[in-house]
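Colleague: I'd like to go over a predicted model; first the sequence, then the structure.
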Amino acid sequence: MYKDINIALQPKEAMNDNDILSFVSSLLKIDKDRIKLIRKIKRSIDARRKNVKVNLRLGVWIDELPIQEEFSLSHLKDVSEAPSVIIVGAGPAGLFAALELIERGMKPIIIERGKSVEDRKIDLKELYRTGIVNGESNFSFGEGGAGTFSDGKLFTRSKKRGNNEKILKILHFHGAQEDILWDGHPHIGTDVLAKVIINIRKTILKYGGEVYFNAKVTDLILSENQVKGVVCGEERFLSDKVILATGHSARDMYTLLNDRQVELEAKDFAVGVRLEHPQNLIDCIQYHSEKGRGQYLPAAEYSFVGQYNDRGVYSFCMCPGGIVVPAATDVNQQVVNGMSSSGRNTQWANSAMVVQVKQSDLKDFSKHGVLAGMFFQEKMERDAYECGGGLLKAPAQRMLDFVNGKISRDMPNSSYKMGLTSCEMSTCLPSFVSASLRKAFDGFGKKAKGFLTNEAIMIGVETRTSSPLRIPRNRETCEHIKIKGLYPCGEGAGYAGGIVSAAMDGCLCVNKILEDSTF
């Protein structure tokens, strides 16, 4: 007999399988021996009150064991001689599109401008040593995309787009923690995710797919509004099906598409800063305890959103127990992002705090046409680079000082390794962004007592939360609205906002390709 039950336990009890068994036995009024298996389906933390609870949804098998249905890829077959689809970009959209192609009997050819995970790690060590960015191998470009060196957050609200559960199972199969299958806000952590990405590449190669690194697409091969392949320097890759999954930082791809008169659309986006607090302070606030989170609760997260100065202001990509990293993709840029390891065990918590940018804010960049938002971002990054003093030193200001319009005399300890330069952050932020952040910080501080504090620092600038452009596609076919066989995909195309949603979009594009009887 099987039962699906929901229970709420104290954090200590929820961490102990024997305590869970005892609770379930008592709840169902049956002997423990009759319970053959308890499987976690969903876990979430309810911290709305001082008495924090862990909510568990459990599958319980009584008197019998279930038929084991372990996830496997053993049904995959070699596709090395099958019809091919080119995938530009080895981020989550591109990698999961490749896996889906193999599963459906087609051959993926992945073309990635950056390097493998192993080689990216070497280049990132050099970045930290010199402060000089490798334009093709950095925190944004390379195998796995920007998500490889991030928190590995897997929460998405885009479940209608595809099979969210399948994405999580594939990640787990390739080495991610089992708890991503049931956590309400699952995350992997960059230390584990890097290994998962490598394992996914090995699966793609094992079944006949091809992966090319250091292969930057320099042109599309087009014939009468039909894609025929791509050009990478002196080399040409041919296929009349191309999935374009380049990520939101590949600005040269937007320029190429615009130059080739491939239609693009401007869209709203958001920019701001990374806000870093002591993790213990966030724990105390979120768990309503002066003692912090204690032994049995994870590093606390937060989420804020509001309307200030008639525009949205919100937290994004919150990394508890994380660090702030330099995420520029070229010289003379200052960009930051956040990441965490699987343990989320540093003394800091950080999150993007960003402000909505509307098309009416881009008047000074109108000469760039549809690319105006991209040039707006670039100016912010150059201004921040100058304010920081170069070599990826970041402009920074204590949070309360910023709200009160005061220069910070000193900086607290920070996770940002490249160094901080105290400045008035308004000098490297557009005026409407500064004004909106000041109001938002005051508002968020009223919602969460202690959040607005000089123990927190703003680190600049966060400009890569999303793409300022969308590559328009047909809703029914996922093809570009003008170019047949070209499938804009993932975050860079404007159709996703994270690892899981990008992965699902990659799978969606493959399914639409399969519906095309001309393939």
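Modeller: Ah, there it is.

Colleague: pop the domain breakdown of this structure in here.
Modeller: Following automatic domain parsing, one finds the domains of the chain at 2-62, 84-265+470-514, 268-462.

Colleague: what's the closest of these to D78?
Modeller: If you check each of the domains of the chain against D78 by C-beta to C-beta, domain 84-265+470-514 wins as the nearest, at 4.5 Å. Every residue, glycine included, has its C-beta placed from N, CA and C.

Colleague: now do the closest one: distance to the chain's middle.
Modeller: On the basis of C-alpha atoms, centre = their mean, to the nearest Å, domain 84-265+470-514 sits 12 Å off its chain's mean C-alpha point.

Colleague: now the strands: where do they sit in the stretch 1-150 of the chain?
Modeller: 2-9, 35-46, 53-62, 84-88, 107-111 (DSSP state E, counting those that start in this stretch).

Colleague: among these, which is the most enclosed?
Modeller: Highest mean neighbour count among these (mean count of other C-beta atoms under 10 Å): strand 84-88, with a mean of 27.

Colleague: so what touches it?
Modeller: 94, 97-98, 101, 106-111, 217, 229-230, 237, 239, 241-246, 253, 510, 513 (C-beta atoms under 8 Å, 6 or more residues apart in numbering).

Colleague: whichever strand or helix holds A349 pairs with which strands, parallel or anti?
Modeller: Using DSSP states H and E, A349 sits within strand 348-357. In the sheet, strand 348-357 lines up against strand 269-278 (antiparallel), strand 311-319 (antiparallel) (DSSP bridges).

Colleague: okay, these, which one's buried deepest?
Modeller: strand 269-278 (a mean of 26).

Colleague: quick revisit: export the strands paired with strand 348-357 to CSV and append columns for distance to K206.
Modeller: Shown next, in CSV, are the strands paired with strand 348-357 (distance: least, C-beta to C-beta, whole Å):
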stretch, distance to K206
strand 269-278, 38
strand 311-319, 32
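
Colleague: in space, what's closest to S150 - neighbours in sequence excluded?
Modeller: M339 (4.9 Å; C-beta to C-beta, 6 or more residues apart in numbering).

Colleague: and the gap between that neighbour and L124?
Modeller: 11 Å (C-beta to C-beta, to the nearest Å).

Colleague: now list whatever residues contact both of the two.
Modeller: Joint contacts of M339 and L124 (C-beta under 8 Å, 6+ apart) are F149.

Colleague: which one of those two has more residues nearby?
Modeller: M339 (25 against 18; other C-beta atoms under 10 Å).

Colleague: phi first, then psi, for the more buried one.
Modeller: phi -150, psi 160 (degrees, to the nearest 10).

Colleague: that one reaches G321, doesn't it?
Modeller: No - between M339 and G321 there is no contact under C-beta atoms under 8 Å: 10.5 Å.

Colleague: how about the helices of this structure, start to end?
Modeller: Under the criterion DSSP state H, the chain contains helices at 11-14, 17-28, 92-103, 117-130, 164-173, 190-206, 251-259, 279-286, 372-388, 399-404, 431-447, 490-493, 499-514.

Colleague: and the ones you listed as CSV, adding mean pLDDT and distance to G59?
Modeller: Below are the helices of the chain laid out as CSV (pLDDT from 0 to 100; distance: least, C-beta to C-beta, whole Å):
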stretch, mean pLDDT, distance to G59
helix 11-14, 96, 16
helix 17-28, 96, 11
helix 92-103, 98, 27
helix 117-130, 97, 35
helix 164-173, 95, 14
helix 190-206, 97, 25
helix 251-259, 97, 45
helix 279-286, 98, 29
helix 372-388, 98, 46
helix 399-404, 98, 44
helix 431-447, 98, 36
helix 490-493, 95, 33
helix 499-514, 96, 22
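
Colleague: CSV for those helices, including distance to I483?
Modeller: Below are the helices of the chain laid out as CSV (distance: least, C-beta to C-beta, whole Å):
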stretch, distance to I483
helix 11-14, 52
helix 17-28, 54
helix 92-103, 18
helix 117-130, 31
helix 164-173, 28
helix 190-206, 26
helix 251-259, 9
helix 279-286, 46
helix 372-388, 20
helix 399-404, 45
helix 431-447, 35
helix 490-493, 13
helix 499-514, 14
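
Colleague: nearest to Y308, of those?
Modeller: Between the helices of the chain, helix 431-447 lies closest to Y308; by C-beta to C-beta that is 4.1 Å.

Colleague: buried stuff in the closest one?
Modeller: 432-441, 444-445 (16 or more other C-beta atoms under 10 Å).

Colleague: so I243 versus M353, what's the distance?
Modeller: The value you get for I243 to M353, if C-beta to C-beta is used, is 33 Å.

Colleague: neighbour-wise, which of the two wins?
Modeller: Per other C-beta under 10 Å, whichever of I243 and M353 has more neighbours is I243, with 31 against 25.

Colleague: distance of the more buried one relative to S84?
Modeller: 11 Å.

Colleague: overlap in contacts, those two.
Modeller: What both I243 and S84 touch, as defined by C-beta under 8 Å, 6+ apart, is an empty set.

Colleague: could the strands of the stretch 1-150 of the chain be laid out in a markdown table, adding mean pLDDT?
Modeller: A markdown table is the format used below for the strands of the stretch 1-150 of the chain (pLDDT from 0 to 100):
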| stretch | mean pLDDT |
| --- | --- |
| strand 2-9 | 96 |
| strand 35-46 | 95 |
| strand 53-62 | 97 |
| strand 84-88 | 98 |
| strand 107-111 | 98 |
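
Colleague: closest one to E276 among those strands?
Modeller: strand 35-46 (22.4 Å).

Colleague: okay, angle between the closest one and strand 2-9 too, please.
Modeller: Note on geometry: by axes from the mean of the first three to the mean of the last three C-alpha atoms, to 10 degrees, strand 35-46 and strand 2-9 are set 40 degrees apart in direction.
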